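Q: Sequence and computational prediction follow.
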Amino acid sequence: MIIGLVFLALLLIPNIIWSFNKPDDYDKYVKNENKILLALERIGQISVIVFTLFFNNYNNDFVLTLIIAVVLMILYEMYWFKYFRSERRMSDMYSDFLKIPVAGATIPVLAFFFWEYMAKMYF
């Protein structure tokens, strides 16, 4: 459960900071946001929290996927450092990071995939 809390903190802290530092043109984009995708995002966020905190069984084979997940979360934090040092425009939010497209959305999904769902394959 400790690892789950750390992962959630790594995921949520940059987003909380971002909520006070939104891009200047964010309001233009949020009006046109797809409601279905927004609902799926919220369902995904709740699912990550539930699975991360309550379903974490570990075994030795899990170590490799945990290492991959940790590296991905470090890349996610690096993406946020890059964003907060930029001019904070929407184009900065949707930019690539180390050739990973839409890094702010892609990296945490991959990290939690390796951390949670790949581990389930071993049980």
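A: That came in fine, so what should we check first? Numbering: from 1, shown residues only.
Q: Please tell me how far the spatially most central residue of the chain sits from Tyr79.
A: Centroid-nearest residue in the chain: Pro108, 2.7 Å away (criterion: CA atoms, centre = their mean). According to CB to CB, to the nearest Å, Pro108 stands 9 Å off from Tyr79. For glycine as for every other residue, the C-beta is placed from the backbone atoms N, C-alpha and C.
Q: Distance-wise, check Pro14 relative to Ile43.
A: Separation of Pro14 from Ile43 (CB to CB): 21 Å.
Q: between those two, which one's more packed in?
A: Neighbours were counted for Pro14 and for Ile43 using other CB atoms under 10 Å; Pro14 has more, 19 against 10.
Q: State which helix of this protein is the longest.
A: Secondary structure of the chain per DSSP state H: the longest helix is helix 62-85.
Q: Show me what counts as buried in the helix or strand just after it.
A: Going down the chain from helix 62-85, the next helix or strand is helix 90-93, by DSSP states H and E. If you call a residue buried by 16 or more other CB atoms under 10 Å, then helix 90-93 has these buried ones: Met93.
Q: Next up, the contacts around the residue nearest to the centre of the chain.
A: Contacts for Pro108 (CB atoms under 8 Å, 6 or more residues apart in numbering) come out as Leu11, Leu72, Met73, Tyr76.
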